[in-house]
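S.K.: Structure, please.
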Amino acid sequence: MALGFVASQGNVRMEDLATTYFHDLASRSFFERSRLNHQYYVIHDMMHDLAESVSIDKCARIEDGEFQHSIPSTVRHLSICTKNLEPGKLAGVGSYNKLLSLTIMKNIELDLRSVIHCWFQQLTNIQLLDLNTCEIEELPDSIGNLKQLRYLDISYTGIRRLPKSFCCLHNMLFLFIKGCRFEGFPDGFANLINLRHIDIESNMFSAITEIGKLTSLQELPCFEVLKEDGHGIGELKDLTQLHRSLVVKNLENVESVEDAYQAKLDNKEYLNELVLEWSLSRNARSRCSSYFAMDEEVLEALRPHSKLKELEIRWYRGMLPPSWLCTQMLPCLVKLSIQHCPNLLNLSCLPPSLRVLELVNVGLRSLPILWDEGSTDKRISGQKCNKGIMSSLSMLSIRLCPKLASLAQLSPHHLPAVKSICIKHCTELVSLPVESFGGFIFLEFLDITDCPNFPCPRKMVLPSSIKRLTLDSCGYLGESLPGCLQYLSHLMFLNIWCCPHIESLTGQVFHHLRALKCLYISECPELRSLSGLEALTSLQELTILKCPHLAESESFSDTKEQQKGMPLLELTIDNTALLQLLSLRNLFSSSSNHSLNLAIWESCESVMFVGEDEEWLQIFKTLRVLSFMSCANLKSLPSWLRSLTFLEKLRICNCPHIILPRKENLPTSLKDLCFDD
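M.R.: Sure, this is the predicted structure:
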């Protein structure tokens, strides 16, 4: 593209056409994926040799020990692959005045400060110039001589500004300036109307005055609305070729609704993702009701193209959603994220194409029936939501919604395809139809965290499709445990936090959890029994923290009833007395062929592992990693530590009173000792 081999054809972009050509060549084995990095392609050795032989008078490389005598004067494409060039010879590159491309291989950090001005005076036919990682601090004014230049890469150099003469390079298509301490663009930069790609840190796009003149621009990751000439939202008007994603920031700086309409977001048909963002830190004046109404009018004017796939709205202060957030206007929308919009009280009837819905810190008091066949959306001229169309939503996330009291409409009838439900930090939530959750036949992930105000016990019913379940500080919902865990034959990860009502998890429950790999139990003060852990035949990670009565319970089973081995790899506890329980001992003894890790986390014990040394050695005979983390009262390590013949790593972190043992008291197998106080 940079050398003019590919040009746009009709409505087909040159980028898309080039991609088609490349994949066609790859399908014919001209290129193949690199085995070292699948993001790159390589050419076969035989194909490389053939290409090199037929282009010997056009293409050349400068490597160690090779220079002018072996490079023909007709060369068009030159690459420099060595740093070992004398300044005089490096300057001689400028004598190849028929060059179309000059590439200096990345990371050789070639010093060009003494020659670049000379090059720019001589290489007037150059179209592609790659100076990535070279030692150069500024571009001389003579760059204006390179009228044919279409591609320039000065990434990771010392360049901070572009000279004024750069604005005369009207054939420029690609500009790469990433990794520089770049300070800004010269006046007139927007006259480079053929520029298609600018690779720079996203916050630097706001430094381009009148960016709206760059009508060929293909990507604009971020546009900041400023109250300055040449930086208003109207600059987006003619940027109709934008692809991929666009973030529009500082929307509070939009002067009027008319200006918002000038952005014409509805003519950006190639955008897949759009983020509309107001500032978090607005002044007190902008928090009054009149400014909330202004937010609503501005958002209404920023209607995107109907092909948009992902939309995110942040820090919006309005109370109403825009009328265009509906099936008729956005039939292709698959993801909607509304974040930090505390005044938003309602949502329109959303497109059934939606697959991901994320609501963070919104003012909803209840979840409306977003996909009800017969509901009317009053904001859309009395039109109804499409009748008979089922929702495609697969992921629902609701977090930090302090006013949300009811999710009564969260039902399998309205969301038949949902796979993931996450409800977090909704402290006023009192209504959740957990008894109907069994109807979510595709549900794989369920996380209910910090919703403590469920007023009465409601027995939760879960589908067997669940693979990951987290219940944390969810009030009386915890009373559904352990009954709701039965028959979850696909469950792989189970996290139980702050469930004060649970008293036991028995073998009758564990028997059904044959796929469980990770079990995390914390802050369950009434938990007294974990009998039957041996039934978890796939368990690899077990964490038990802040369950004080569990350590006081009796052995879970006698040794004659020991079950077959489990591949336990990691155990984390806060009380070594738990290791007196037979079920936990069995986890260790049955994992003799595996690399075991034991972590003691935030233990209050001053003396750990009370009992006979031989007994502990038998339990820990295959221990590979032992960690003591934040054990404030621990003063010494057990004497039998030196006899752990398989121990390879010992970690001691934030244990202020610990006295480290002498080297001779450490096991000879130890390879890594990590100590951090």
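
S.K.: what about Glu300, is that helix, strand or coil?
M.R.: At Glu300 the chain is in helix, as set by DSSP: H, G, I helix; E, B strand; the rest coil.

S.K.: and His48, which of the three is it?
M.R.: When classified by three-state DSSP, His48 comes out as helix.

S.K.: Could you check how far it is from Met105?
M.R.: Using CB to CB, to the nearest Å, one obtains 16 Å as the distance from His48 to Met105. C-beta coordinates here come from the backbone N, C-alpha and C atoms, glycine included.

S.K.: got it, and Ile313?
M.R.: Remark: distance between Ile313 and Met105 (CB to CB) = 45 Å.

S.K.: do the same with Ser348
M.R.: Ser348 is 54 Å from Met105, where distance means CB to CB.

S.K.: And for Gly144?
M.R.: 27 Å.

S.K.: Touching stretch 237-244 from outside, list them.
M.R.: Stretch 237-244 is contacted from outside by 13, 211-221, 262-264, 267-273, using CB atoms under 8 Å, 6 or more residues apart in numbering.

S.K.: go with 7 Å
M.R.: 212, 215-220, 262-264, 267-268, 270-273 (CB atoms under 7 Å, 6 or more residues apart in numbering).

S.K.: re earlier: okay, Ser348 and Met105: which has more neighbours?
M.R.: Comparing Ser348 with Met105 by other CB atoms under 10 Å, the one with more neighbours is Ser348, at 21 against 17.

S.K.: Do I have it right that the more buried one meets Trp324?
M.R.: No. With contact defined as CB atoms under 7 Å, Ser348 does not count as touching Trp324 (8.8 Å).

S.K.: just the helices in the stretch 251-400 of the chain please.
M.R.: Along the stretch 251-400 of the chain, the segments classed as helices by DSSP state H, counting those that start in this stretch run 257-262, 289-301.

S.K.: May I see the buried residues of the last one?
M.R.: I take that to be helix 289-301. Buried positions in helix 289-301, judged by neighbour count with 16 or more other CB atoms under 10 Å: 291-292, 294-301.

S.K.: Ok, the shortest one next?
M.R.: By neighbour count on 16+ other CB under 10 Å, the buried set for helix 257-262 is 259-262.

S.K.: just checking, next helix/strand downstream of the helix or strand bottoming out on mean pLDDT in the chain?
M.R.: Here the helix or strand of the chain ranked lowest by mean pLDDT, DSSP states H and E is helix 582-589, holding a mean of 70. If you walk from helix 582-589 toward the C-terminus, the next helix or strand you reach (DSSP states H and E) is strand 596-601.

S.K.: list the helices and strands that next one packs on?
M.R.: Using 3 or more CB pairs under 7 Å, 6 or more residues apart in numbering; DSSP states H and E, the elements in contact with strand 596-601 are strand 570-573, strand 623-629.

S.K.: what element comes up after it heading to the C-terminus?
M.R.: For strand 596-601, the following helix or strand on the C-terminal side (DSSP H and E) is helix 613-619.

S.K.: For that next one, what does the pLDDT average out to?
M.R.: The average pLDDT within helix 613-619 is 81.

S.K.: Report the distance from that helix to the chain centre.
M.R.: With CA atoms, centre = their mean, to the nearest Å as the basis, helix 613-619 stands 45 Å off its chain's centre.

S.K.: Assess the claim that Ile198 and Phe176 are in contact.
M.R.: No. Judged on CB under 7 Å, Ile198 makes no contact with Phe176 at a distance of 8.1 Å.

S.K.: Between those two, which is the more surrounded one?
M.R.: Legend: neighbour count by other CB under 10 Å for Ile198 and Phe176, higher for Ile198 (24 against 19).

S.K.: The helix or strand where the more buried one lies pairs with which strands, parallel or anti?
M.R.: Element membership for Ile198 (DSSP H and E) is strand 197-199. Paired neighbours of strand 197-199 in the sheet (DSSP bridges): strand 174-176 (parallel).

S.K.: Would you check how far apart the closest residue to His413 other than its chain neighbours and Val418 are?
M.R.: The spatial neighbour of His413 that comes closest, neighbours along the chain excluded (CB to CB, 6 or more residues apart in numbering), is Gly439 at 7.7 Å. Look at Gly439 and Val418: by CB to CB, they are 10 Å apart.

S.K.: Comparing those two, which residue is more hemmed in?
M.R.: Neighbours were counted for Gly439 and for Val418 using other CB under 10 Å; Val418 has more, 24 against 15.

S.K.: Could you verify my assumption that the more buried one touches Ser394?
M.R.: Yes. Applying CB under 7 Å, one finds Val418 in contact with Ser394, separated by 5.9 Å.

S.K.: what about Gly483, neighbour count?
M.R.: Gly483 has 12 neighbouring residues, counting by other CB under 10 Å.

S.K.: What sits closest to it if chain neighbours are left out?
M.R.: Lys459 (6.7 Å).

S.K.: Now do the SS call for that neighbour.
M.R.: Assigned with three-state DSSP, Lys459 falls in the coil class.

S.K.: these two touch, right, it and Ser480?
M.R.: Yes. Counting by CB under 7 Å, Lys459 touches Ser480, with 5.3 Å between them.

S.K.: Looking at those two, which is more packed in?
M.R.: Neighbour count, other CB under 10 Å: between Lys459 and Ser480, Ser480 has more, with 23 against 11.

S.K.: and that one, what is it in contact with?
M.R.: Listed by CB under 7 Å, 6+ apart, the contact partners of Ser480 are 459-460.

S.K.: mind running it again at 10 Å?
M.R.: Contact partners of Ser480, counting by CB atoms under 10 Å, 6 or more residues apart in numbering, are 434-435, 437, 457-462, 471, 474, 499, 501-502.

S.K.: again with Leu370
M.R.: Per CB under 10 Å, 6+ apart, neighbours of Leu370: 347-352, 354, 357, 385, 391, 393, 396, 409, 414-415.

S.K.: Go through stretch 108-119 and flag the buried ones.
M.R.: Buried, per 16+ other CB under 10 Å, within stretch 108-119: 110, 112, 115-119.

S.K.: Among these, which ones are in strands?
M.R.: Using DSSP state E to define strands, no part of those is located there.

S.K.: Need the max-distance pair from the residues you listed.
M.R.: Greatest spacing in the buried residues of stretch 108-119, by CB to CB: Leu110 and His117 (15.4 Å).

S.K.: quick one: secondary structure of Leu494?
M.R.: Reduced to three states by three-state DSSP, Leu494 is strand.

S.K.: Check the one 5 residues further on too.
M.R.: Taken by three-state DSSP, the conformation at Cys499 corresponds to coil.

S.K.: Appreciated, that's everything.
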